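Visitor: here is my input; please provide its structure:
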Amino acid sequence: MRVWQRKIVYPRFSAIPMYMISGGAILRRRAWLAVVLGAFVSLDAYAAFNGLVPLAHSGRISYMYGYTDSAGTESEATSLLFGWNAGGYIWRPWFATTSMALNVGLTSTESASSSSEGTTGSGNFTLGVFSRSRFPFSLNYSRTDSRSQQFYDVAQVSGETSFRTTRLTLRQSYRPRKYNQLFNGWYNSTRFDGGAFGSNSQAYGLDYKLRVARQTVGASVTHSVVNSRGSPDKSTANVMSVSHVYTPSGELGVNSLLSYVEIDPGRGAVSIDSQAFSSFFWRPEYRAINVSGGVRLSENRTEDDKKTVARSLNTNLGLGYRVTRAFNMSASVSLGTSDTATTQTLSTTQAVSVSYAGGRRQWQGFSHTWRWGASGVNTTNRVDSDSVGSVGLEGQPASTSQQNFSTSIGHGLNRSWATGRRSSLATTFSQSASGGQSSGASTANKSISHGMSVGWNARGKRGSTYLNGRLSDSRSFGERDSVFNSFSLSYATDLTISRLSGITGNASYQASQNTSEDDQGKTTNTTKNLTGGMTYRNGRPFGIYNLSFASSIQGSKQVDSPVPSTTVRWESAFRYSLGLLSTVLSTRVTESPRGRLVKSMNFQATRSF
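Guide: You can find the predicted model right below:
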């Protein structure tokens with residue numbers, strides 16, 4: 001059987017070999033192609049730059065009305081707010097992105113004796129060029145304009161106030177290909193015009209950051225100028241800093257900083273502050289020891305009619321050692337010196353502390369823990385002054401030394417019981433004692449405290465109930481004795497009425513008594529406070545979808561107070577939303593301790609788009 005095969009002949013696009021085309025023809029073809037592509041690009045660019053390409057925009061219009069009756073004095077407030085936000089790009093999203101915001105507000109307030117009207121407008125424009133590149137540029141411009149007028153009916157006096165604020169921020173960043181570097185140059189300008197007062201401030205600076213393996217280097221330079229209207233003086237500030245962070249591992253780190261700050265208020269003394277600081281830490285993960293320390297050298301120079309210079313040097317070193325998981329020791333040493341034109345000061349401090357946290361022990365269902373700690377501090381100060389003072393004669397140094405020792409011990413006991421399938425009872429008891437002695441005091445300070453609490457909670461199908469009581473007693477003994485006792489009882493519950501409604505309530509009683517001793521004898525102060533509240537929520541009142549209601553009442557009273565102390569506040573709010581429309585109607589009634597009654601009602605409607 002013969003299978004017939006058809007030979008397919010593909011057409012040839014050019015019968016002339018490429019080597020036979022002259023160089024001039026190739027150049028002409030490339031020129032025509034460049035002209036055609038350039039025309040298309042030019043048309044596209046012209047169409048894009050002719051207007052902004054919006055991506056998204058949104059806004060809102062709000063109307064608010066408020067009525068207040070404060071002890072018979074009525075007032076009304078009305079406001080209308082408009083806000084619009086838009087974002088887009090120019091030509092291409094990678095080339096430039098923009099965002100704009102506009103807010104306008106009109107307010108009116110009227111009472112029996114005065115009235116006022118106000119207008120506020122603010123706008124913001126942001127432009128980002130090559131935001132995804134290595135050299136992004138950003139511009140931010142904002143302006144706020146506010147004007148208000150007041151009129152007083154009784155005095156027949158009117159007034160007007162206004163202010164304008166304009167801000168401009170420019171930032172240019174550059175990230176080279178090599179290494180992990182970042183350059184930032186920025187400029188800020190703020191202009192404030194408040195009628196009789198005005199100011200203009202400008203600031204610009206450069207930032208640099210370099211990140212390599214385990215190291216980070218940063219540097220910044222900032223210059224700022226502030227001048228006020230009507231004042232020939234200009235306040236300037238120059239700030240320079242260099243920082244270095246070295247972390248070869250998570251266990252070791254070194255931080256260093258150099259800074260220089262110069263402030264010239266324009267009139268008066270020029271202040272120059274400079275410092276060099278470095279600190280380190282070494283915290284091995286699998287070793288019982290850790291070390292940290294630092295050194296700081298600073299100089300403060302004031303240049304005016306009388307030039308003054310103050311220098312200081314401060315160092316510290318700390319050592320921690322974990323003997324066991326529960327027993328820890330630490331020691332620290334610090335040295336500080338300061339030098340001025342007339343006084344030299346030297347201060348040293350040595351401190352040692354130990355702590356022990358006992359393990360948790362179980363006995364008959366009770367859990368017991370205890371802790372202990374002690375510390376000692378030695379401080380020495382030496383002052384050498386060229387002038388006659390309280391420390392001694394001229395040129396004669398004076399030294400002071402003080403030692404402090406303190407210790408504390410405490411323990412705690414707690415247990416919980418299951419009183420039902422969904423209820424439990426828990427109790428805790430704690431006791432602690434501490435004492436301290438200073439070389440400058442003849443009497444040691446001692447204190448002892450006790451505390452006990454009992455809590456009960458129950459969880460049911462429709463809610464939960466919590467009840468808690470606490471009693472504490474603290475006493476201190478020394479040159480002045482004092483006693484502080486407190487008792488508190490709190491109750492809280494939440495009840496689910498239905499799938500869409502529920503009630504929560506709380507009440508608490510607190511009583512405390514403080515007895516202190518002074519030169520005139522003992523003084524005792526007693527306070528008793530009672531507070532409570534209840535809140536009702538319904539997610540669909542009257543069966544209306546998207547409607548919610550919440551009402552709460554709160555009250556407080558100071559028991560046995562010689563002056564009225566009762567405060568009551570009742571708040572209710574209806575909220576309704578349908579699509580892009582939302583409304584809120586709220587009321588509030590407040591009664592102050594002296595019987596002053598304040599009633600208010602507020603309505604707000606917002607339409608978003």
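
Visitor: elements contacting the host helix or strand of Ser173?
Guide: If you go by DSSP states H and E, Ser173 is part of strand 157-174. Judged by 3 or more CB pairs under 8 Å, 6 or more residues apart in numbering; DSSP states H and E, the packing partners of strand 157-174 are strand 137-152, strand 180-193. C-beta here means a position set from N, CA and C on the backbone, and glycine is covered the same way.

Visitor: mind putting the ones you listed into a markdown table with mean pLDDT and distance to Gln202?
Guide: Converted to a markdown table, those look like this (pLDDT from 0 to 100; distance: least, CB to CB, whole Å):
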| stretch | mean pLDDT | distance to Gln202 |
| --- | --- | --- |
| strand 137-152 | 88 | 15 |
| strand 180-193 | 94 | 5 |
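
Visitor: okay if I get the ones you listed as JSON lines plus mean neighbour count and distance to Arg462?
Guide: Shown next, in JSON lines, are these (neighbours: other CB atoms under 10 Å; distance: least, CB to CB, whole Å):
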{"stretch": "strand 137-152", "mean neighbour count": "16", "distance to Arg462": "52"}
{"stretch": "strand 180-193", "mean neighbour count": "15", "distance to Arg462": "58"}
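
Visitor: on that earlier part again, can I get the strand holding Ser173 in CSV? Just the C-alpha atoms.
Guide: As requested, the backbone C-alpha atoms of strand 157-174 are provided in CSV (Å, rounded to 0.1, in the frame of the first residue of the first chain):
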residue,chain,number,x,y,z
VAL,A,157,-18.1,92.7,71.1
SER,A,158,-17.0,90.7,68.1
GLY,A,159,-13.6,89.2,67.2
GLU,A,160,-11.9,87.2,64.5
THR,A,161,-9.0,84.9,64.7
SER,A,162,-7.2,83.0,61.9
PHE,A,163,-4.0,81.1,61.3
ARG,A,164,-2.4,79.4,58.3
THR,A,165,0.2,76.6,58.4
THR,A,166,2.2,75.5,55.3
ARG,A,167,4.6,72.6,55.2
LEU,A,168,6.9,71.4,52.5
THR,A,169,9.1,68.2,52.7
LEU,A,170,11.5,67.0,50.1
ARG,A,171,13.5,63.8,50.3
GLN,A,172,16.0,62.3,47.9
SER,A,173,17.4,58.8,48.5
TYR,A,174,20.1,56.8,46.8
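
Visitor: strand partners (parallel or antiparallel) of it?
Guide: Using DSSP bridges, the strands paired with strand 157-174 are strand 137-152 (antiparallel), strand 180-193 (antiparallel).

Visitor: and for whatever helix or strand comes next after the shortest one, what's in contact with it?
Guide: Tracing the chain C-terminally past strand 180-193 and defining elements by DSSP H and E, one meets strand 198-212 next. When contacts are defined by CB atoms under 8 Å, 6 or more residues apart in numbering, strand 198-212 is touched by residues 179-192, 216-229, 239.

Visitor: so what touches the helix or strand just after strand 198-212?
Guide: Later in the chain than strand 198-212, the nearest helix or strand by DSSP H and E is strand 215-228. Under the criterion CB under 8 Å, 6+ apart, residues 197-211, 233-247, 266 lie in contact with strand 215-228.

Visitor: buried ones in strand 215-228, by neighbour count?
Guide: Neighbour counts over strand 215-228 (16 or more other CB atoms under 10 Å) mark 217-218, 220, 222, 224, 226-228 as buried.

Visitor: next one: stretch 285-297
Guide: 290, 292-296.

Visitor: kindly indicate which of the residues you listed lies nearest Thr527.
Guide: Ser292 (44.4 Å; CB to CB).

Visitor: and the closest one, helix, strand or coil?
Guide: strand (DSSP: H, G, I helix; E, B strand; the rest coil).

Visitor: now Pro93
Guide: Taking three-state DSSP, the label given to Pro93 is coil.

Visitor: what pLDDT does it get?
Guide: pLDDT for Pro93: 87.

Visitor: cool, Gly118 as well?
Guide: Confidence score, pLDDT, at Gly118: 90.

Visitor: what do you get for the one 5 residues further on?
Guide: pLDDT, Gly123: 94.

Visitor: burial measure for it, as a count.
Guide: Burial measure for Gly123: 15 neighbouring residues, criterion other CB atoms under 10 Å.

Visitor: kindly report the same for Leu313.
Guide: So Leu313, with other CB under 10 Å, has 16 neighbours.

Visitor: can you confirm it is in a helix?
Guide: No. Read with three-state DSSP, Leu313 is strand and lies in no helix.
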